[in-house]
Every structure is written in structure tokens, then in C-alpha cells.
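In: predicted model and sequence follow; I will ask about them next.
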Number of protein chains: 2
Amino acid sequence: MAKISDKVINRLTLYHCILCDYINQGKIYISSGNIAKLLRIDDSQVRKDLNILNNSGKSRIGYHVQDLKISIEKTLGFQKSKKAFIIGAGNLGSALAKYDNFSDYGLNILALFDNDKNKIGKTVNNKIIFDISKLENLIYKSNVEIAILTVPTSAAQVMANFLVKSNIKYIWNFTPTVLDVPNGVVVWNENLMGNFLQFTFGK
Amino acid sequence: MAKISDKVINRLTLYHCILCDYINQGKIYISSGNIAKLLRIDDSQVRKDLNILNNSGKSRIGYHVQDLKISIEKTLGFQKSKKAFIIGAGNLGSALAKYDNFSDYGLNILALFDNDKNKIGKTVNNKIIFDISKLENLIYKSNVEIAILTVPTSAAQVMANFLVKSNIKYIWNFTPTVLDVPNGVVVWNENLMGNFLQFTFGK
């Protein structure tokens, strides 16, 4: 598969959101200019991004919305199921477990884990909250590679060590902690405050 | 103020997380190599970023952790208070309201808004949930410019229109919707799925 840069992936998912909106509104065609205007980027940028898709749906009146949506889904692998566990069934963990849009992108959250006896055995959006001691066994049985880390900051590194020991390969890190993990484990820092400061900096 | 690129802002906030960790561990000095290793980036990149700060804390044994932390906070304006309202007191909105780290970065969430009569008047982390009809008046009274949008996807555009009418200048958009807003209003799309796909794409 050809390498696609992070910025292009990010934009393609935003185009996908726009296409879903257009479908909901019953619209059949969309132009690169429609997309560019909503995102306040250059029309030429949109056309360049869409060229990556090998989409033949372009006609005189624009791109066919449904076809373009499917092209983006194929290119970014939305159909490819990616199984994940949420580590930490607090507010943020529960909110992410209830976020049904994730499954549209192939992200399947199978269960949550916590060490709070009052939470264990309960469900969030039909997903069971397991005792954290069951993690290693369930990773093995369910062949899960992705952990979504939403524990308190103070527990983040200890839990990351435990995830690594339990054979997790990808950590989507929502804690404001930079995790120290061995090579072979990939960490993606969600870094909400970094995003926020980018957006408001100097304004 | 000199322009700092989004990528540098993002990295500086991650360095800041590392420095907070070092302080918690009672460490006094840190080298650019320590930071680079944790983030798996180039040592030279870290030094280049830190040079922006006008920090004089560099000595033979490394940067002084406390001084470097303060330099980042000054440069990125953590002390500058940025007042915000959360629109939508659901799971994600409540999780963000409970996220106390935000105030360390100058983001002060004053209140939440919802249209659910069962939620209105209750509090989340000592912040009141107001009826959405009170929004315009409270924006005016409290001089709030930032809205954190966590409503359901189906309500996102309607609510964005209402925010614009109520004089909100910045929308931090957590919904998977590309909002159509007039010039003069800035939208930052958190785009969680775009971030996730960047991280797992092709793996």
C-alpha cells in the first residue's frame, strides 16, 4: 500500500464526514470546491488529495458522493477490523466506549478494564468492564493489539508497563503523560492540550 | 509574538508533560537526549525546539527542569486564562468537564449547557449545567469566546449556528461533523478517528 501522509489521512477523514452529511441530506454530487469551502483550504489541495484514491466518479457535475465515500473507506481501510480494549472505565473511557461512530471506521472496542470493584462486571454500551487482572489472558484469547489508555495520570506509566508485558502493540494514549515503552510498541499521544493550544495560540 | 508552528506547539506540550513527570520524581536536570528518547525523535529536533524558548537554563549537566517548564508555560501562554463553555453535558462533555489538567494550561471551563431537563441545574465537577437557552446571555456576561462542542452528531450544525449567533469566536469541535460557519469564527476539528487512522494506517 502506498504511503499516505498523516495530514492527508486526517483530511480524508474530514472529507468522509462531509460526504456522510451530504448523503444524509440526499445529495448525489459534490465538487472539490464544496469541500474546500467548508474546510477553508485550497480547492487544488482537495483535488490533489482525492486523486490519491483512484476514484473514477468524477464527472462534469462533480464527484459522485456515494462512490467517493466508498473510495475513501477502501483506501483508509475502514473495513479492516481493528480490535481494541479500553483501559480505565472512568468518564473518558466510558465516553469513548459509548462513541458508536468508531465502528464505522473499523475500530471495534470489545471491552473495558478497571481495578475498581464497584465497576467490574457492569457494562458500558453493552461492553463488559473486566478486572484488570484478566487483561493478559483476554488479550491472548481475543487477539487484541490496541489499548486505549484512559487511566488517571498517576497510573499511566505503571499501566503502560503492564500493557507491554501483556503483549499490547499499540497504545492510544489519552493521558497527559509521555509513556516510556520498549521498541516494538507504538504509542500515539492524543495530546488534547497540545491540539487546543495550536488552535488558540497567539489569538 | 513570533509565530510557532503547530507541530512545535504540539511537541512543546509533550516536553512539558515530561518535565512535570521529572518534577514529580524529584529530578533537577534533564538532557535533550532524555526527551528525544521518550518521544522517539531526534535529539537535534528537541534542541532546536528548545532554542525557541530563550531559556538560559542549559548547563553542562542539562536543562534545569523547573526553569524549562516555566519557559514553555510562558512561551505558550499557559498563564493566559482562556474561558470556555462545554456545549452538551453527555458522556464526553462531562468527561472533559472533569479533566482538571486543563486549568494547568489556562483553559478554564466555566459551565456546561444542555437541553435535557433532567440534567439542567445539576453540576459536573462543580460546574453548573445550564439550559441552552441561557447561553447567549451568559456568553455576554462572562465574556466567553470558546465553545467545546460535544453534542450528538445530528445536532452539531444546528448548535454551531446557535453558537455563532451567540457570538462565540472559537469552536473546539469534538463531533465527527465538518461545521459550516461564517468567516471570523474559528473551528478546530478534534477529529479523533483521523488521529486514530494516522496511527494505525498500514499497520
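Out: Nice, thanks for sending it over.
In: now the strands for chain A?
Out: Remark: strands assigned in chain A by DSSP state E are A:29-30, A:58-59, A:62-64, A:82-87, A:107-114, A:123-124, A:127-131, A:146-149, A:170-173, A:186-189.
In: can you tell which of the ones you listed is closest to chain B?
Out: With C-beta to the nearest C-beta, the closest approach to chain B among these belongs to strand A:186-189: 3.7 Å. Every residue, glycine included, has its C-beta placed from N, CA and C.
In: ok, longest helix in chain A?
Out: Determined from DSSP state H, the single longest helix within chain A is helix A:6-24.
In: domains in chain A, by residue range?
Out: Domain segmentation of chain A under automatic domain parsing yields A:6-76, A:82-195.
In: deepest of the ones you listed, which one?
Out: For those, the largest average neighbour count (mean count of other C-beta atoms under 10 Å in any protein chain shown) is found in domain A:82-195, namely a mean of 19.
In: in chain A, where is pLDDT below threshold?
Out: For chain A, the stretches with pLDDT under 70 are A:1-2, A:56-59, A:202-203.
In: and if we set it to 80?
Out: Applying pLDDT under 80 to chain A flags residues A:1-2, A:54-60, A:100, A:200-203.
In: how much space separates the most far-flung residue of it relative to its centre from chain B?
Out: When distances are taken from the C-alpha mean of chain A, residue A:60 lies farthest, 34.0 Å away, according to C-alpha atoms, centre = their mean. Residue A:60 sits at a distance of 25 Å from chain B (criterion: C-beta to the nearest C-beta, to the nearest Å).
In: output the contacting helices and strands for the longest helix of chain A.
Out: strand A:29-30, helix A:32-39, helix A:43-51, helix A:65-76, helix B:192-200 (3 or more C-beta pairs under 8 Å, 6 or more residues apart in numbering or on different chains; DSSP states H and E).
In: nearest to residue A:179, of those?
Out: Checking those against residue A:179 by C-beta to C-beta gives helix B:192-200 as the closest, at 13.7 Å.
In: what helices or strands is that closest one leaning on?
Out: Under the contact criterion of 3+ C-beta pairs under 8 Å, 6+ apart, the helices and strands touching helix B:192-200 comprise helix A:6-24, strand A:170-173, strand A:186-189.
In: still on that earlier bit, hmm, who's touching the longest helix of chain A?
Out: A:4, A:30, A:34-35, A:38-39, A:41, A:45-46, A:49-50, A:52, A:65-66, A:68-69, A:72-73, A:75-76, A:105, B:157, B:176-178, B:189, B:191, B:193-195, B:197-198, B:201 (C-beta atoms under 8 Å, 6 or more residues apart in numbering or on different chains).
In: stretch A:117-133 now?
Out: A:86-87, A:89, A:93-94, A:97-98, A:100, A:109-115, A:138, A:162.
In: what do you get for stretch A:46-65?
Out: Under the criterion C-beta under 8 Å, 6+ apart, residues A:2, A:4, A:8, A:11-12, A:15, A:19, A:22-23, A:27-36, A:39, A:67-68, A:71-72, A:75 lie in contact with stretch A:46-65.
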